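K.L.:
The following comprises the amino acid sequence and a computationally predicted model.
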Amino acid sequence: MSDKTQVVCGHCDSVVGVAEDRLTGAPRCPKCHFPLFEGKPVTLTAANFDKHVSRSGLPLVVDFWAPWCGPCIAMAPFFETTTKQLEPALRFAKLDTEEHPAPAARFNIRSIPTLIVFRGGKEIARQSGAMDVGGLTRWLTPVVGR
């Protein structure tokens, strides 16, 4: 019997227990039936931010960004490529700080893009500034344990 890891659905925000040996097997949410991992970051809002941060059994990488930010827009395809490469070892999400400023203010985001890795509801790593796929992978490798 495999241990279960909690995954928060990116569509309906349900908390789903997934056997660790099934994380790579395209698990689906039992409530909304969407795939739990789609190779793209989950969209966070002020309403669902705390649930994703505190209830995820996987390390959660959050990109704090804004639509007017040139470096944020430039980094977006690299962040998505990294998501495809490293899910489900990590969970990836984006929070638009323009539309949802409260979580950004709570974590003292002063420049964007800023990436924060959360594990067990606590911040474990932070990086400000745009990165390419290589930079993201090097920065996240210790978190993944590869």
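P.N.:
Noted; the coordinates are in hand.

K.L.:
Report the central residue of the protein.
P.N.:
Central residue of the chain (CA atoms, centre = their mean): F92, 2.2 Å from the mean position.

K.L.:
so what's it up against?
P.N.:
K40, P41, V42, L60, V61, D63, F79, T82, T83, L86 (CB atoms under 8 Å, 6 or more residues apart in numbering). Just so you know, the C-beta spots here come from the backbone N, C-alpha and C atoms, and that holds for glycine as well.

K.L.:
Render the CA-only coordinates of the helix or strand in which it is found in PDB, please.
P.N.:
Using DSSP states H and E, the element containing F92 is strand 91-96. Extracted C-alpha coordinates of strand 91-96, given in PDB (Å, rounded to 0.1, in the frame of the first residue of the first chain):
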ATOM      1  CA  ARG A  91       3.300  21.800  -8.100                       C
ATOM      2  CA  PHE A  92       3.400  25.000 -10.100                       C
ATOM      3  CA  ALA A  93       1.100  28.000  -9.800                       C
ATOM      4  CA  LYS A  94       0.800  31.700 -10.800                       C
ATOM      5  CA  LEU A  95      -0.700  34.600  -8.900                       C
ATOM      6  CA  ASP A  96      -1.600  37.800 -10.700                       C
END
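
K.L.:
so how far is it from its chain's centroid?
P.N.:
Using CA atoms, centre = their mean, to the nearest Å, the mean C-alpha position of strand 91-96 is found 5 Å from that of the whole chain.

K.L.:
how many neighbours does the nearest residue to G10 once chain neighbours are set aside have?
P.N.:
Nearest residue to G10 in three dimensions, chain neighbours excluded: V42, at 3.6 Å (CB to CB, 6 or more residues apart in numbering). By other CB atoms under 10 Å, 23 other residues sit near V42.

K.L.:
now do K31
P.N.:
Counted with other CB under 10 Å, residues neighbouring K31 total 13.

K.L.:
and what of V133?
P.N.:
With other CB under 10 Å as criterion, V133 counts 16.

K.L.:
and it, what pLDDT?
P.N.:
Listed pLDDT for V133 reads 97.

K.L.:
Pull the contacting residues for it.
P.N.:
By CB under 8 Å, 6+ apart, the contact list for V133 reads F78, T81, T82, Q85.
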